[in-house]
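Q: Just need the structure, nothing else, for what follows:
(one chain, ligands or ions: 1)
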Amino acid sequence: MPNVTTTSAPRLIALLLDEHDDTQQLVRHAEDVLDMAHPYAREVHALCVTRTPNPELAERLQRLPLGAIVCIVAADLREPVQAVDFTRVLQRALEMHAMDATDCVCAPAGSLGEEVVARLAAGFDGCAFGRVQHLSFEAGGAQADRTVFGGRSTVRVRAASGPWFAALRTSRSAAALAAPVQQAKPAALEWREASSGPHDDAEIVTVPGDAARMPVETAHVVVSGGRGMQGSEGFALLAQLAARFDAALGGSLPAVDAGWVPVTHQVGQSGKFVSPSVYLAVGISGTPQHLAGVSATTRIVAINNDADADIFRVADVGIVADWDTFIPALIARVDACRSARAHTS
Ligand SMILES: Cc1cc2nc3c(=O)[nH]c(=O)nc-3n(C[C@H](O)[C@H](O)[C@H](O)COP(=O)(O)OP(=O)(O)OC[C@H]3O[C@@H](n4cnc5c(N)ncnc54)[C@H](O)[C@@H]3O)c2cc1C
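A: Numbers count the residues shown, from 1 in each chain. Have a look, this model is predicted:
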């Protein structure tokens, strides 16, 4: 286990993990950590791990009020992305950084960030906070707020001793994103090379087909089906509808258990948390465990043949209908509208 020392000057360390080659997203995470750190006047550092050097990222980070920026290039990071590879690189880097028992390391929320913070917390004998909306610090330690039941309630978790490792969910408004804080003097920048190995011999297999479809977590529209879809034919129809709206396909736990939709697309308490603009719930009853995975800010459109189904209590638009008559009619209507528009333009 690495050595952890205690100082009276805690730092926040923003982990920037180059998962999707998305510089904007990485800069945004650094800004989120800075925003969150602001009231506590803590020093904030950035630790980036990329497969290839990213000078644009370094240059944009240098404009932020960061204490220090360490950019690590690990050319042997495997594809698809493996949390264990990032953890190896980060663990060595944080050990060199002389981790402090009052330090807090923040990764972006998401499957990679969640796994990395859990692994690092185990390695440093620290405390992991998952899916955090907000972190605050006081003499008694750190506390993390996370929303549950689709944002309808908030849970506060306290941990007296660190170091703390948090997966931080982006929550800043568009206005705040448009006006990043800048500093006059560029932050100190250090480039390093590292290996993410040794890798084990296990072959990483990418599964083609459904699993490769648009992820539900980042989709603007999600079309989701439940047990009421009664089979994979129903889901094929939902997929046709999803394609017309550039939407991701989701499902409830029973639909996943039945094999109609991959587990990576399960929405709910034990699945993914989604925050699209519109969530179309078809043949889903609306249990708390399912709704826990849908943001409170999302507009829910529900199609269910039971007028008393609980989903109608939370839906913005409710349609009492059998999906096998309503969905084909909806697809036909969307196609007719689009072709009419194409003819008039
Ligand atoms: C610890 C724990 C974790 C869980 N995690 C999750 C989770 O992550 N995600 C999740 O979804 N569940 C989860 N569950 C399961 C959850 O409790 C429910 O069992 C599940 O959400 C119900 O799924 P459903 O709405 O698809 O099925 P049902 O509750 O069976 O609802 C089916 C709906 O389809 C409607 N229907 C039937 N036929 C038609 C038709 N022809 N046209 C239109 N509508 C029709 C019915 O009226 C009904 O409302 C969890 C449970 C536990 C205990």
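Q: and the chain, which of its residues are near the ligand?
A: 226-228, 252-255, 266-271, 283-285, 287, 289-290, 293, 303-306, 309, 322-324 (C-beta under 6 Å from any ligand atom). Glycine gets a C-beta too; all of them are placed from N, C-alpha and C.
Q: Please list only the buried members of those.
A: Buried subset of the residues of the chain next to the ligand (neighbour count, 16 or more other C-beta atoms under 10 Å): 226-228, 252-255, 266-269, 271, 283-285, 290, 293, 303-304, 309, 323.
Q: where along this protein do the helices fall?
A: 23-37, 55-62, 83-96, 111-123, 174-178, 232-244, 253-257, 288-291, 311-314, 323-344 (DSSP state H).
Q: which one of those lies closest to Arg192?
A: Among the helices of the chain, the nearest to Arg192 by C-beta to C-beta is helix 83-96 (7.5 Å).
Q: That closest one packs against which elements?
A: Here helix 83-96 touches strand 11-17, strand 43-50, strand 68-73, helix 111-123, going by 3 or more C-beta pairs under 8 Å, 6 or more residues apart in numbering; DSSP states H and E.
Q: Tell me the predicted confidence for the nearest residue to Leu61 once chain neighbours are set aside.
A: Closest residue to Leu61 apart from its sequence neighbours, by C-beta to C-beta, 6 or more residues apart in numbering: Ile69 at 5.0 Å. Looking at Ile69, its pLDDT stands at 94.
Q: Contact partners for Ile69?
A: By C-beta atoms under 8 Å, 6 or more residues apart in numbering, the contact list for Ile69 reads 45-46, 48, 58, 61-62, 187-190.
Q: With Leu12 instead?
A: 33, 36-37, 42-45, 103-106.
Q: repeat for Arg244
A: 331, 334-335, 338.
Q: Could you give the number of residues near Ile316?
A: No, residue 316 isn't Ile; it's Asp. 11 (other C-beta atoms under 10 Å).
Q: got a list of what it touches?
A: 299-301.
Q: thinking again about what came up before, pick the most buried one from the helices and strands packed on helix 83-96.
A: strand 11-17 (a mean of 26; mean count of other C-beta atoms under 10 Å).
Q: Direction included, what does that strand pair up with?
A: strand 43-50 (parallel), strand 104-108 (parallel) (DSSP bridges).
Q: can you list contacts of the shortest one?
A: Right, the one you point to is strand 104-108. Counting by C-beta under 8 Å, 6+ apart, 10-15, 17, 25, 29, 32-33, 36, 94, 113-114, 116-117, 120, 135, 137, 142, 162-170 sit against strand 104-108.
Q: now the contacts of Leu12 in TSV, with pLDDT?
A: Below are the contacts of Leu12 laid out as TSV (pLDDT from 0 to 100):
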residue	pLDDT
Val33	86
Met36	77
Ala37	76
Arg42	65
Glu43	81
Val44	87
His45	91
Asp103	87
Cys104	90
Val105	92
Cys106	91
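Q: Relative to the ligand, which of the residues you listed is nearest.
A: Cys106 (25.7 Å; C-beta to the nearest ligand atom).
Q: what bridges to that closest one?
A: Ala14, Ala166.
Q: now the strands: where do they sit in the stretch 101-250 of the chain?
A: 104-108, 127-132, 134-138, 141-148, 153-159, 164-168, 188-193, 221-225, 248-251 (DSSP state E, counting those that start in this stretch).
Q: before we move on, the earlier item: same list (the strands paired with strand 11-17) but as CSV, adding distance to Phe129.
A: Below are the strands paired with strand 11-17 laid out as CSV (distance: least, C-beta to C-beta, whole Å):
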stretch, distance to Phe129
strand 43-50, 17
strand 104-108, 9
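Q: re the thing from before, are any of the contacts of Ile69 buried, and if so which?
A: Buried among the contacts of Ile69 (16+ other C-beta under 10 Å): 45-46, 48, 58, 61-62, 187.
Q: so the residue nearest to Leu61 bridges to which residues?
A: Ala46, Leu189.
Q: Domain map for this protein?
A: 11-193, 216-344 (automatic domain parsing).
Q: From start to finish, how long is the longest one in a straight line?
A: Using C-alpha to C-alpha, to the nearest Å, one end of domain 11-193 lies 24 Å from the other.
Q: Same check on stretch 34-45?
A: Length of stretch 34-45, first residue to last, C-alpha to C-alpha: 9 Å.
Q: Then stretch 142-160?
A: 6 Å.
Q: who's in contact with that stretch?
A: By C-beta under 8 Å, 6+ apart, stretch 142-160 touches 104, 127, 129-137, 140-141, 162, 164, 166, 169, 288, 291-298.
Q: Please indicate which of those residues are buried?
A: Buried subset of the contacts of stretch 142-160 (neighbour count, 16+ other C-beta under 10 Å): 104, 127, 129-135, 137, 162, 164, 166, 169, 291-295, 298.
Q: Turn the helices and strands packed on helix 83-96 into TSV, including distance to Ala242.
A: Output for the helices and strands packed on helix 83-96, formatted as TSV (distance: least, C-beta to C-beta, whole Å):
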stretch	distance to Ala242
strand 11-17	29
strand 43-50	33
strand 68-73	38
helix 111-123	21
